[in-house]
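Asks: here is my input, please return the structure:
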Amino acid sequence: MAISLTPAAADRVRNFLHARGEGLGLRLAVRKTGCSGFAYVINYADDINPADVVFEDQGVKVFVDRDSLSLIDGTEVDFVKQGLNEAFKFRNPNVKGECGCGESFTV
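Replies: Here you go, the predicted structure:
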């Protein structure tokens, strides 16, 4: 079981945490929503929850709750900039389909 980060994603998290002045790493989860069933929830982790599984990649800790992990195990998190837009993107090997707008997925 693992979650990995591209160099761009790791840099973004490190830079943001440094500018923020606090935080332990990146928190990644999944919630039921959207037209396809699930959506990613991403935030910065300020504490460790009892249900968290913690991964470390490129010096950045990634916190994932056990319920979400089965849906996103093996996911690579990237950070991309396209013009004025920038966002985290997910390469999840468990995804069977995505909605047209790209906001939700099925497994």
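Asks: tell me who's in contact with L17.
Replies: Contacts for L17 (Cβ atoms under 8 Å, 6 or more residues apart in numbering) come out as 23, 25, 44. In this view, the C-beta of every residue, glycine as well, is placed from N, C-alpha and C.
Asks: tell me the secondary structure at it.
Replies: Following DSSP: H, G, I helix; E, B strand; the rest coil, the label given to L17 is helix.
Asks: secondary structure for the contacts of L17 - can I get that in CSV?
Replies: Output for the contacts of L17, formatted as CSV (three-state DSSP):
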residue, secondary structure
G23, coil
G25, strand
Y44, strand
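Asks: those residues, buried ones only, as a PyMOL selection?
Replies: A single PyMOL command selects the buried members of the contacts of L17 (16 or more other Cβ atoms under 10 Å):
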select buried, resi 23+25
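Asks: adding pLDDT, write the contacts of L17 out as JSON lines.
Replies: Shown next, in JSON lines, are those (pLDDT from 0 to 100):
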{"residue": "G23", "pLDDT": "93"}
{"residue": "G25", "pLDDT": "95"}
{"residue": "Y44", "pLDDT": "93"}
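Asks: just the closest of the contacts of L17 to F16, please.
Replies: Y44 (6.9 Å; Cβ to Cβ).
Asks: look up how far G37 lies from the nearest residue to the closest one once chain neighbours are set aside.
Replies: Of all residues not flanking Y44 in the chain, G23 sits nearest, at 4.6 Å (Cβ to Cβ, 6 or more residues apart in numbering). Distance, G23 to G37, using Cβ to Cβ, to the nearest Å: 30 Å.
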